[in-house]
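S.K.: below is the structure, and that's it, no one-letter string:
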């Protein structure tokens, strides 16, 4: 038994803070829970004996035979919560929901109550949801542990909701209901003092009523744990995630749950890598998770979508969205097009999209022909509701079967479209209310199929271990030559070079290296060599070399690095750093001012699979520059992945390494070359230093 | 009387192609028009005399006293349409709707029918909607000239719809109805052989029932005419535009209406410049136009939005969207915050957003305090529906008044939220179903207010006329020196330079210019000088100069340009070109490979106002690079605008100039310097040549 079962499927519930006053939160909660067919007892600890159907304690209710009670719902002010929980736990309550605010989101006093509450829960092994949440819904069990009115009308269905916020949880539940979907369990976490997003994900992954999971994230406490739960859940059912914090909303977010907003970009990247489908807003969340709660494509690197539309204009909107997002819409085979030619009037477009004109008697055969085309993993259908011409519910029900997946959008009078939609959804076919919903649903199916294809790929490229001869562990100060030796040791190409411990000895550099060479100050304390005039490029002869050395001596250089110049190419910035929430991550970006200004950086967690590395490149807005732009050199993605994987592994293997950045890593016609590298270590007190 | 009045407000209608068979399109159209309270007569030209209530001709119907008839709705196959229209026009019909397909979107034969139809309409002055469209709705007059079932249920309201496609027109009308809004007139243009988007815009701009206009564009025939109509309409009511064609959908689009898809980026940019609010999909279109049909902010460069939310989580989603879009959410004044402090429990956030917690008795006073804050042009409100706590419809109705604008989103059980929403919309307050709809509505209000502020700004910076001394008109071949002389003539700074007609004379360049200099081949036939080794930079002394000249002679140079090197800075690409649809446009982008790969280019039409120039810079993803990135030089936006305006004016003034590009235009600490320029002219046959 999953240990959240007593929370979401209790045998009995006590509402602590129930009141004879119908306007009090406890009274609202009692009414909301009245649909539950197990015992629901009202407790008011200010009573000295039972009155108005309320008990003075959970213990008294149990003594009166009102049991068993697994879940205590606390509708009392924050200062009273720890004591009440203690007393409930003492008589066997094993799960609790705390709705009140006034905890860590407010001030230090509140944080004190929150710590007390957490301690009580931990001591008794009580699973505690909240505090500071409007509760949860479990409509399959008729449990509406919430004080939001109307929540009891949200139908039972396949979508599990895990929201950081109680308000968002309810907003999503209502929107899912309006869109024709129901929820399995819908949870608002609030301050998440015990039950976390990951805990609920684990529960929903195992919950047979849940067919897809909607995830709303404001802050992440334990990154690796969250990713592990997403990875596990996504392996068995789709996970769609909405992450807050694109803009700087930290100040308000903190006031809300007391936690720092997590890094939006990193969180999204790592959730996607773990298998979640990322969306940009709650509308997309509803369309995507609704779609995925009904069907899932087989894992595929490139699922093919065929669009069949009864109206060209809306079809064009769908196609424009899908094409812009890089969804494959393969041309139908000659055989399919011939079949369609027999079924449709000659004037319509039949290659993909298939434009049927007003649906007629052959609409079902058209859909079947499209679905059975060898390139079709999914048929997306748009049709205005024309019940006299075709009953979409009857048609699609008859067509659905193994190897055929349909997604549908329709438009029309709600009184007509809603009953049709409900029938279709009951038959496992998602229905959207317009072109954009359909496109979002299709993209979600495709993204999910691609993620599962990636997940099935071989895990990690072989990452060379750092040879024992190379001393990493003790080193806290890395100059460029040290860093490049480490790169050499993990298989990253660096230029041929010589480090010289004096200016005099450096004078013979050109005897040992082929010109032109770069001459640089070698000093671990200098992070930005170029800014202080510490780099001389294109040095070809002894006179130039002497001039460069003199100049470097002038800025205080005592050691210099001389290295052969790399051929021209495209400069990347790659690195590995420790994210405070998620641990080691790798980063990939283009070099140069503009790329920096655009913050065009792709992020992934480690270990990094070959497929992850390829996905990283795809994520860059400027990816085309890496692929042989205007006759320039193209990156070997496997080689790049190996570099990134090796950098990430270094941080996994060596806890004192804080960050390593290669800037630039140049794409040349002979492969990747690391032209400069900086390594930062952490001192024993955990602070980074250089 | 606007000349589309007979089309959208006819005194009587004839349906040509009406039939005794209820399944025929003509029969569907008759039923759809039955709500109209003027005469609606059925005509079937295959009859020889009246039968089954149908007439053999419009003339026969008129003779039978069934008049007046202004509008003929043709529900007959394409080949029959020209003749039928001719006969109807002959007896006084002045407007027509042609629903059939089979015209230019299909093949040459269809194009022939279309040309015939157009000729008949032109000859008789008949305003013709279509062909190839499902028609239009004018619910204020109970006219549903459409064969889409259920269209008659779309309520009368303030949103005018102009859609390229009949299907999109209906999809939008149904979505607007579902969202609680009604339509004034909703039109699908189809092949637009006569009545165009601009015509309908002109009509809607003058239509007293229309409070906002939704525009769906697939192709633009007459760019300047469209922009003029948008500009005029946006001056009196908001225009929201959705443009198809982000991806390459041209092949399918052509099959749909027979027209080439217009350039998506250019169309969007010029519509925005003309005052339209651009959206990305039909969901946003509904949210934005619904919002703007209810209220419009005063023109402002930076409208201030105050967000009041009863649930922190959904409020955070709204705030994240608005902040990411650059919407100003100013902190409330100390006085307002003190007032809120009296009204709200101490634990809530009150600076902006205002987090009220569950709405209570003071909710109306909180909203009033927020609305009356000096920084508030708009109050956006999110609250889950809690009718026992607060009646949002009653509260907001009481608060709305001069200087106070509210936008609202709520969530809850539809049976509760829909009646509330309908009451609020009837009172002029837009209501959205979630955080994203609210954010889209708010952004639309802000974008509209900013566009009107821009439109009110002085029109065009002073554009220097090209001096008479400089001979533009006759010149068809421009080398770099010619082009730079033209730039000098219009006030664009170029480097000090000398053109030399022989290698020998060029040897004295360093006597006349301060080194270092650039030495370039001067040949109008060479477009990419760098690629052929035609540019030598950093030439400092006579020996280097001679080497450069020898090398240039080696690639066939007979003339050279020597110019002083510009100081370091940020390189832009600016230009003016002739768009085939819209005429002269100016372009602004960052120089370099990455900017090119990212296609980060901003576009505007001419004349260009100072505000337009500033907006152009803002549109660049890499705008930060122009604003003094990492201590680099910042652009003088007025100077940049003057350059762009002057380039655009050149194309307006000189029809034989096809394109002029300055690449790079360098931002230096001393202003903008044009380092290279290329001018392309058009030969007399209209083909560009160099």
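M.R.: That came in fine, so what should we check first? The structure displayed is predicted, hence computed values, not measured ones.
S.K.: low-confidence bits of the stretch 401-550 of chain A, can you list those?
M.R.: The model of the stretch 401-550 of chain A has pLDDT under 70 over residues A:459-470.
S.K.: identify the residue of it closest to chain B, quick one.
M.R.: residue A:413 (3.7 Å; CB to the nearest CB). Placement of C-beta: from N, CA and C, glycine included.
S.K.: residues in contact with that residue?
M.R.: Going by CB atoms under 8 Å, 6 or more residues apart in numbering or on different chains, residue A:413 touches A:385, B:149, B:150, B:153, B:174, B:177.
S.K.: can you pull the contacts of the last one?
M.R.: Shown in contact with residue B:177 (CB under 8 Å, 6+ apart): A:413, A:414, B:153, B:154, B:155, B:183.
S.K.: just the third one next, same as before
M.R.: Contact criterion CB under 8 Å, 6+ apart gives A:385, A:412, A:413, A:416, B:174 as the residues in contact with residue B:150.
S.K.: which of the residues you listed count as buried?
M.R.: The neighbour count (16 or more other CB atoms under 10 Å in any protein chain shown) marks A:385, A:412, A:413, A:416, B:174 as buried among the contacts of residue B:150.
S.K.: generate CSV for the residues you listed, with distance to residue A:549 as supplementary columns.
M.R.: Compiled in CSV, those are given as follows (distance: CB to CB, whole Å):
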residue, distance to residue A:549
A:385, 81
A:412, 80
A:413, 83
A:416, 84
B:174, 77
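S.K.: longest strand anywhere in chain A?
M.R.: Longest strand in chain A by number of residues, with DSSP state E as the criterion: strand A:657-668.
S.K.: so is that one next to chain B?
M.R.: No: Strand A:657-668 stays clear of chain B (CB under 8 Å from any CB of the partner chain), getting no nearer than 12.1 Å.
S.K.: pull the residues that contact that strand.
M.R.: Strand A:657-668 is contacted by residues A:472, A:483, A:486-487, A:492, A:566-578, A:591, A:626, A:632-635, A:643, A:647, A:650-651, A:672-682, A:688 when judged by CB under 8 Å, 6+ apart.
S.K.: just checking, which of the residues you listed belong to strands?
M.R.: Within those, residues falling in strands by DSSP E are A:570-578, A:672-674, A:677-682, A:688.
S.K.: check these for burial and list the buried ones.
M.R.: Neighbour-count burial (16+ other CB under 10 Å) applied to the ones in strands among the contacts of strand A:657-668 gives A:570-578, A:672-674, A:677-682.
S.K.: what parts of the stretch 301-450 of chain A come near chain B?
M.R.: Taking CB under 8 Å from any CB as the contact definition, the stretch 301-450 of chain A meets chain B at A:310-317, A:319-324, A:347-349, A:353, A:355, A:357, A:384-388, A:411-416, A:433-437, A:439.
S.K.: of those, buried ones?
M.R.: Buried subset of those (neighbour count, 16+ other CB under 10 Å): A:310-317, A:319-324, A:347-349, A:353, A:355, A:384-386, A:411-414, A:416, A:433-437, A:439.
S.K.: and the one residue sitting closest to the centre of chain A, helix, strand or coil?
M.R.: In chain A, the C-alpha nearest the mean C-alpha coordinate belongs to residue A:271, at 2.7 Å (CA atoms, centre = their mean). Reduced to three states with DSSP: H, G, I helix; E, B strand; the rest coil, the structure at residue A:271 is helix.
S.K.: measure the nearest residue to it once chain neighbours are set aside to residue A:300 for me?
M.R.: Nearest non-adjacent residue to residue A:271, counting by CB to CB, 6 or more residues apart in numbering or on different chains: residue A:241, 4.9 Å away. Separation of residue A:241 from residue A:300 (CB to CB, to the nearest Å): 21 Å.
S.K.: chain B next: which of the contacts of strand A:657-668 are close?
M.R.: A:570, A:632.
S.K.: which of the residues of the stretch 301-450 of chain A next to chain B fall within strands?
M.R.: Cross-referencing those against strands under DSSP E gives A:355, A:384, A:411.
S.K.: from memory the last one sits against residue B:169, does it?
M.R.: I take that to be residue A:411. No: shown here, residue A:411 and residue B:169 do not form a contact pair, counting by CB atoms under 8 Å, at 10.6 Å.
S.K.: any idea what the closest residue to residue A:130 other than its chain neighbours is bridged to?
M.R.: Among residues not flanking residue A:130 along the chain, residue A:98 sits closest, at 3.8 Å (CB to CB, 6+ apart). Going by DSSP bridges, residue A:98 is paired in beta bridges with residue A:74.
S.K.: quick one on the thing from earlier: among the buried ones among the contacts of residue B:150, list the two that are farthest apart in space.
M.R.: Distances among the buried ones among the contacts of residue B:150 were taken as CB to CB; the most separated pair is A:416 and B:174, at 9.9 Å.
S.K.: how far away is residue A:400 from residue A:182?
M.R.: From residue A:400 to residue A:182 the distance is 20 Å (CB to CB).
S.K.: the more surrounded of these two?
M.R.: Ranked by neighbour count (other CB atoms under 10 Å in any protein chain shown), residue A:400 and residue A:182 place residue A:182 first, with 20 against 17.
S.K.: so what pLDDT did that one get?
M.R.: Per-residue confidence (pLDDT) for residue A:182: 96.
S.K.: tell me the contacts of it?
M.R.: Neighbouring residues of residue A:182 by CB under 8 Å, 6+ apart: A:139, A:154, A:155, A:156, A:157, A:158, A:159, A:176.
S.K.: I'd like to know which elements the helix or strand encompassing residue A:511 is packed against.
M.R.: Element membership of residue A:511, judged by DSSP states H and E, is helix A:509-512. With contacts defined as 3 or more CB pairs under 8 Å, 6 or more residues apart in numbering or on different chains; DSSP states H and E, helix A:509-512 has these neighbours: strand A:497-500, strand A:517-521, helix A:542-554.
S.K.: which outside residues touch the second one?
M.R.: Contact partners of strand A:517-521, identified using CB under 8 Å, 6+ apart, comprise A:480, A:495, A:506, A:509-510, A:529, A:532, A:534-540, A:545, A:548-549, A:552, A:555-557, A:559-565.
S.K.: filter the residues you listed to the buried ones?
M.R.: By 16+ other CB under 10 Å, the contacts of strand A:517-521 give A:480, A:495, A:506, A:509-510, A:529, A:534-536, A:539, A:545, A:548-549, A:552, A:557, A:559-563, A:565 as buried.
S.K.: quick check: the gap between the residue nearest to residue A:130 and chain B.
M.R.: Distance of residue A:98 to chain B, given as CB to the nearest CB, to the nearest Å: 15 Å.
S.K.: residues in contact with that residue?
M.R.: Residue A:98 makes contacts with A:74, A:81, A:85, A:117, A:128, A:129, A:130, A:131, A:132, A:133, A:190, as judged by CB under 8 Å, 6+ apart.
S.K.: count of neighbours near the third one?
M.R.: Think residue A:85. So residue A:85, with other CB under 10 Å, has 25 neighbours.
S.K.: buried residues in the helix or strand containing it, which are they?
M.R.: When elements are assigned from DSSP H and E, residue A:85 belongs to helix A:81-90. In terms of neighbour count (16+ other CB under 10 Å), helix A:81-90 has its buried residues at A:81, A:82, A:84, A:85, A:86, A:87, A:88, A:89.
S.K.: ok, and the closest non-adjacent residue to the fifth one?
M.R.: When you say that, I think you mean residue A:86. Leaving out its chain neighbours, the residue that sits closest to residue A:86 by CB to CB, 6+ apart is residue A:120, at 5.0 Å.
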